[in-house]
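Peer 1: Below are the sequence and a predicted model; questions follow.
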Amino acid sequence: MKNKAKRPFAFVIFGILSLIPLDASAAVAPHSKEYMEKGSALIVTGEVVSLSSKTQKSKEEMGLLVARDRIYKITIKVASLTKGETVKVGDELQFQAWQPSIRFPPLPGPQGHQSIPKKGDLIKTCLIYNRFTKIYHPFMPNGIKILHNGK
């Protein structure tokens, strides 16, 4: 008799637990050069003239207990333009990249952009334009390539 009384309770608990969404976040695989070239709004090469960062609550990982991201604003002076028409050689172009600052519980593998340049670095980047935020972002994780370390 006791086993039969426990079954409905076990089914209720199992049913409730099965409704809880599980977060299966992990690292994003690097994109091929061809894929990034085809999907980019801009492909530019230039020197990083300014770099700033701030840490904020993550917009990428909503379900985590604690998730903070470091958002980088990167400004480059365009040296060459491979794709796109919205900028010219000599213009300054600003875009944003991000890396996780805090993740608890930690997620497997690296997240965010894997190459964050420093001021003075020569970089090539494949950028996507977000028409809602009106901000350029590199492909994640490998949309920024550091060609030469600067100062």
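Peer 2: Structure received.

Peer 1: All the helices of the protein, in order from the start?
Peer 2: 2-18, 33-39 (DSSP state H).

Peer 1: Not counting its neighbours along the chain, what's nearest the most centrally placed residue in the chain?
Peer 2: Geometric centre of the chain, nearest residue: Gly112, 3.8 Å, by CA atoms, centre = their mean. In this structure, Gly112 finds its nearest non-sequential neighbour in Gln99, 3.8 Å apart by CB to CB, 6 or more residues apart in numbering. C-beta coordinates here come from the backbone N, C-alpha and C atoms, glycine included.

Peer 1: Dig out what that neighbour forms beta bridges with.
Peer 2: Gln99 has these beta-bridge partners by DSSP bridges: Arg70.

Peer 1: Now for it, how many residues are close by?
Peer 2: Neighbours of Gln99 under the rule other CB atoms under 10 Å: 16.

Peer 1: Please apply the same query to His113.
Peer 2: A count of nearby residues for His113, using other CB under 10 Å, gives 23.

Peer 1: Contacts only, for the closest residue to it other than its chain neighbours.
Peer 2: Excluding the flanking residues, the one nearest His113 by CB to CB, 6+ apart is Ala97, at 4.1 Å. Applying CB atoms under 8 Å, 6 or more residues apart in numbering to Ala97 gives the contacts 71-72, 74, 112-113, 116, 137-138, 144.
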